[in-house]
Structure formats: C-alpha cells, structure tokens
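Trainee: Sequence below, structure please.
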Amino acid sequence: MPLELTYCVSERSWFRIRDGGDVVHIDPGHMRKDVLPVKTGEKAALILVSHSHFDHLKRDLVEELTGPGTRTIAAPKAARSIGVKAEAIVPGGQMEYKGIVVRAVHAAFRRRLLVLLY
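Mentor: Below is the predicted model of the structure:
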C-alpha cells in the first residue's frame, strides 16, 4: 500500500500519515464537532505533538488514539501535559521509531518546538 497523507479536517494542524498498517498522527488537537477524522478504535503507531496549545494537543484524543504499542513523542510541556506515556524531545534531539527519524528543531513561530519527520 502506498504512503497516504491525510490533512484531517480539523480547521487546524492535524495530520495523519498511513504507511501500510502503521498510522502516525501529528498534532492531534482541536476538531470540529461534526467531523471525526479517524476511525473509531483506530490506534496510532506513533503520535507527535509539537507544542501544548489546544489546537495541537487534545489530551483525550491522544488517549483515544493510544494503543498498547503506541509511542508518543512531544515537546517537553506537551509531554508533561500528556503524562507518563509521552517522551519529551528538545531542540537538537532525535529519536527513531520503526525507521522513522524524528528530529526536533526550533520553529520560527514564537520559538515553538517543531517536530520534523524525514
């Protein structure tokens, strides 16, 4: 199955990437009440959160997307908000998950942390 990138209709910043059976969610935050961008019961392999603003992080949504094998990587403040299951990453930090390299850099927007995939 080819790589599938979905901009979730949330009026904000939420992206979903599917590669075969693995699903990556980036900034699962604010969403319109009339839109459900994920299948009920679908669990993420990887969740990335760039910062803790409501439009980039909705804790109950992260919990809903989290399964037994989910890895959550987030900026430090967002990781503290999510709780013990989240790993903090700081600018200059790098982590790998199933061949996906996650590198944190400073973003130009108000010095927020931006998580990049490559």
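Trainee: Please make it C-alpha for all contacts and neighbour counts, starting now.
Mentor: OK.
Trainee: partners of the lengthiest strand in the chain, with directions?
Mentor: Scanning the chain for the longest strand, with DSSP state E as the assignment, gives strand 66-74. Paired strands of strand 66-74, with direction, are strand 44-49 (parallel), strand 86-88 (parallel) (DSSP bridges).
Trainee: Tell me which of those strands sits most buried.
Mentor: Mean neighbour count (mean count of other CA atoms under 10 Å) peaks for strand 44-49 among the strands paired with strand 66-74, with a mean of 24.
Trainee: For this structure, which segments count as strands?
Mentor: 4-7, 15-19, 22-26, 44-49, 66-74, 86-88, 94-97, 100-106, 113-117.
Trainee: Arrange the ones you listed in CSV, one row each, with mean pLDDT and distance to Asp60 as further columns.
Mentor: Listed next are the strands of the chain as CSV, based on pLDDT from 0 to 100; distance: least, CA to CA, whole Å:
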stretch, mean pLDDT, distance to Asp60
strand 4-7, 58, 20
strand 15-19, 80, 17
strand 22-26, 85, 14
strand 44-49, 90, 13
strand 66-74, 92, 10
strand 86-88, 92, 14
strand 94-97, 89, 23
strand 100-106, 84, 23
strand 113-117, 55, 21
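Trainee: Tell me which of those strands lies nearest to Arg80.
Mentor: strand 86-88 (7.6 Å; CA to CA).
Trainee: For that closest one, which outside residues touch it?
Mentor: Outside strand 86-88, the residues that touch it by CA atoms under 8 Å, 6 or more residues apart in numbering are Arg71, Thr72, Ile73, Ala74, Ala75, Pro76, Ala78, Ala79, Arg80.
Trainee: and which of these is nearest Pro91?
Mentor: Nearest member of these to Pro91, counting by CA to CA, is Ala75, at 8.6 Å.
Trainee: Is there a neighbour count for the closest one? I'd like the number.
Mentor: 24 (other CA atoms under 10 Å).
Trainee: again, but for Gly93
Mentor: For Gly93, using other CA under 10 Å, the count is 12.
Trainee: How about Glu64?
Mentor: Other residues close to Glu64 by other CA under 10 Å number 13.
Trainee: can you check His51 too?
Mentor: Applying other CA under 10 Å, I find that His51 has 20 neighbouring residues.
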